[in-house]
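Chemist: Quick check, what structure comes out for this input:
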Amino acid sequence: MSIFIIRGPESSGTLIRTAVPLPALVLKSLVHRAIDAGTTVAIRACGSEQELLDALRVADHSRGEVTLLDPGACVGSVRLQRLLPHLRNPYVEVHDDDARTPEACLPADAGQRIGVAHGYCAQSYVHALEIALDHLGCSELREGVHVGT
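Modeler: This next block holds a predicted model:
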């Protein structure tokens, strides 16, 4: 079982660039939480809309079960919105924004979205992972112990 974290390109004026790497502590928290839940995470930062679409297709044909998707500058992409309903894996939409300056979200009917995590800056990824693990039935797993068994 694997969870894919796919990050779309970021926009800075007329320039499109790959998203800034996640802070080390957030990345470490994501990896450790996934391991505790008996899964792995694979992260891909995309530098263009086409790269984002390709990464989503690859994740959908791999052994991943849920995708954490930060559409970045592609949030308004018609091509992305057309692709999402055709993917078999559900996704959690992630935005590493601040609650004071919320980013736009994908339309609610764009594919199998199981939740949206935004307003917590980079910690939005940790929140999104918890949503994904809950969807997979792994949210109770901590330190290799399943509550209730």
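
Chemist: count of neighbours near Glu130?
Modeler: Glu130 is flanked by 17 other residues according to other Cβ atoms under 10 Å. (C-beta placed from N, C-alpha, C; glycine too.)

Chemist: Give me the most central residue, the protein.
Modeler: Leu68 (1.6 Å; Cα atoms, centre = their mean).

Chemist: Tell me what that one is bridged to.
Modeler: For Leu68, the beta-bridge partners under DSSP bridges are Ile5, Val92.

Chemist: which residues touch it?
Modeler: Counting by Cβ atoms under 8 Å, 6 or more residues apart in numbering, Leu68 touches Ile3, Phe4, Ile5, Ile6, Tyr91, Val92, Val94, Tyr125, Ala128, Leu129, Ala132.

Chemist: what do you get for Ala117?
Modeler: Ala117 touches Val92, Glu93, Val94, His95, Ser124, Tyr125, His127, Ala128, Ile131, counting by Cβ under 8 Å, 6+ apart.

Chemist: isn't there a strand covering it?
Modeler: Yes: remark: Ala117 belongs to a strand, assigned using DSSP: H, G, I helix; E, B strand; the rest coil.
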